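Chemist: build me a model from this:
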Amino acid sequence: MAGNTLSNTPASKIPATVVTGFLGAGKSTLIRSLINNARGKRLALIINEFGDVGVDGDVLKACGSEDCTEEDIVELANGCICCTVADDFLPTMKQLIDRPSPPDHIIIETSGLALPKPLVQAFNWPEIRTRVTVDGVVTLVDADAMSQGRFVGDEDALAHQRAQDDALDHESPIEELFEDQLQCADLIVLTKTDLIEQGQTDRIEADLRTQTRPGVHFLQAVQGGISPEALLGLDLAVEGQIDERHSHHDHEGDHDHDDFDSFVLELDECDDPDALAARIRKTATDHNVLRIKGFIAVKDKDMRLQVQAVGPRVAHHFDRAWRSDEPRKSRLVVIGCSGLDRLAISKALNVGQA
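Modeler: Sure thing, here's the model as predicted:
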């Protein structure tokens, strides 16, 4: 395990730790411990437990740590994070790293229903891959539940969580989700070990080792207490090796977020912003475009039009006046999966331009 400090990642990239595990495994308790022992490192949290049975963000916000303020905690409550990557997770990451004072380390607490592999693959997204790296994937396992032959302490709560998630696009059996979490992990933390005998804990760890990749480390947590030095600063750049980690969903296109393409498109001045928004919406649908963003020069307008599109959802507004020292140019960045038809997209967006 590399490093014994909070992070050894070069300053050019912000390290991010993915914390996964089923509902009730102790993720929020563990993260609260990290916040309270950050030792001057500025942390930011992305929390994805959602619905009536989700983690109460107010609990974490009540920590009152100057190293992780309320503004540093973002809750994504629109569903399983691996199913809402383009809509929620990536824009949130962009907002965090674009701050005047970005965090020293980002901690991402996934829903227990999330597939960790597609989330890690999303770190190859063009807008963030040069600025953020996956320091490591930490999977929490409820040792008390495992000692009773279960994956999760409250199976009814997990079933309710699944039913509440309208965005969930994978109906994985719980054992497959568990195996995916183990296979993606760099570090496995056994929680609630104080509730069972040491012999049981040793047997659980031995069994789990048969389901993990070689070299994966195990730690035992009592009441969520784990030193930050053991969890952060692994410096593994997981996104660069994620294809080597087995998942039950490796051949499902819905979660294939690893290969992205992007290009910059220059347009003529725009006569009608609403008509342009309609063309962007249609183009995104017709050509499987994930995001389009940029600035547009509108004819006879001194204000610059800002455009942001996530899939077919398009928003635009005049953000400020054009400065005298900048050219009035319309430029859009188009992002999608590899193989984008640049010529067809360019033609579609330029139709009807002045």
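
Chemist: find the residue at the geometric middle of the protein.
Modeler: Closest residue to the average C-alpha location of the chain: residue 89 at 4.7 Å, with CA atoms, centre = their mean.

Chemist: helix, strand, or coil at that one?
Modeler: On the three-state scheme (DSSP: H, G, I helix; E, B strand; the rest coil), residue 89 is labelled helix.

Chemist: tell me the spacing between it and residue 279.
Modeler: Using CB to CB, to the nearest Å, we find residue 89 at a distance of 27 Å from residue 279. All C-beta atoms are positioned from the backbone trio N, CA, C, and that covers glycine.

Chemist: from the chain's centre, how far out does stretch 192-210 sit?
Modeler: Averaging C-alpha positions (CA atoms, centre = their mean, to the nearest Å) puts stretch 192-210 30 Å from its chain's average.

Chemist: in that stretch, what's buried?
Modeler: 192, 193, 196, 200, 201, 204, 205, 208 (16 or more other CB atoms under 10 Å).

Chemist: sorry, back to before: the residue nearest to the centre of the chain is in contact with residue 122, isn't it?
Modeler: Yes - counting by CB atoms under 8 Å, residue 89 does reach residue 122; the two are 6.4 Å apart.

Chemist: sorry, back to before: secondary structure and distance to residue 219 for the buried residues of stretch 192-210 - can I get that in JSON lines?
Modeler: Below are the buried residues of stretch 192-210 laid out as JSON lines (DSSP: H, G, I helix; E, B strand; the rest coil; distance: CB to CB, whole Å):
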{"residue": "192", "secondary structure": "coil", "distance to residue 219": "13"}
{"residue": "193", "secondary structure": "helix", "distance to residue 219": "10"}
{"residue": "196", "secondary structure": "coil", "distance to residue 219": "16"}
{"residue": "200", "secondary structure": "helix", "distance to residue 219": "17"}
{"residue": "201", "secondary structure": "helix", "distance to residue 219": "11"}
{"residue": "204", "secondary structure": "helix", "distance to residue 219": "13"}
{"residue": "205", "secondary structure": "helix", "distance to residue 219": "10"}
{"residue": "208", "secondary structure": "helix", "distance to residue 219": "12"}
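
Chemist: name the element residue 247 belongs to?
Modeler: Following DSSP states H and E, one finds residue 247 outside all helices and strands.

Chemist: what's the nearest residue to it if we skip its chain neighbours?
Modeler: Closest residue to residue 247 apart from its sequence neighbours, by CB to CB, 6 or more residues apart in numbering: residue 117 at 4.5 Å.

Chemist: A helix includes that neighbour, no?
Modeler: Yes - judged by three-state DSSP, residue 117 forms part of a helix.

Chemist: that one touches residue 179, doesn't it?
Modeler: No - the criterion here is CB under 8 Å, and residue 117 misses it with residue 179 at 11.4 Å.

Chemist: what about those two, which has more around it?
Modeler: The neighbour count for residue 117 versus residue 179, taken as other CB atoms under 10 Å, is higher for residue 117 (27 against 18).

Chemist: now do that one against residue 47, distance only.
Modeler: From residue 117 to residue 47 the distance is 20 Å (CB to CB).

Chemist: how close does the residue nearest to residue 247 get to residue 302?
Modeler: Taking CB to CB, one finds residue 117 at 48 Å from residue 302.

Chemist: still on that earlier bit, mind putting the buried residues of stretch 192-210 into CSV with distance to residue 33 and pLDDT?
Modeler: Listed next are the buried residues of stretch 192-210 as CSV, based on distance: CB to CB, whole Å; pLDDT from 0 to 100:
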residue, distance to residue 33, pLDDT
192, 14, 89
193, 15, 90
196, 20, 89
200, 23, 93
201, 19, 92
204, 21, 93
205, 21, 93
208, 22, 92
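
Chemist: including distance to residue 174, could those go into CSV?
Modeler: Shown next, in CSV, are those (distance: CB to CB, whole Å):
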residue, distance to residue 174
192, 18
193, 22
196, 21
200, 21
201, 22
204, 17
205, 20
208, 16
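
Chemist: residue 111: which of these is nearest?
Modeler: residue 192 (19.6 Å; CB to CB).

Chemist: that closest one is in contact with residue 143, isn't it?
Modeler: Yes - the pair residue 192 / residue 143 is scored as a contact, 5.3 Å apart, by CB under 8 Å.

Chemist: residue with max distance from the center of this structure?
Modeler: Largest centroid distance in the chain under CA atoms, centre = their mean is residue 300 at 40.7 Å.

Chemist: that residue belongs to a helix, doesn't it?
Modeler: No - using three-state DSSP, the assignment for residue 300 is coil, not a helix.

Chemist: phi, psi of it?
Modeler: phi 70, psi 20 (degrees, to the nearest 10).

Chemist: and the one 3 residues further on, by the same measure?
Modeler: Residue 303 has phi and psi values of phi -90, psi 150 when expressed as degrees, to the nearest 10.

Chemist: so what sits opposite it in the bridge?
Modeler: The residues listed as beta-bridge partners of residue 303 by DSSP bridges are residue 321.

Chemist: pLDDT wise, what is it at?
Modeler: Per-residue pLDDT puts residue 303 at 90.

Chemist: my read is that it contacts residue 323, right?
Modeler: No - using CB under 8 Å as the test, residue 303 is too far from residue 323 to be in contact (11.5 Å).
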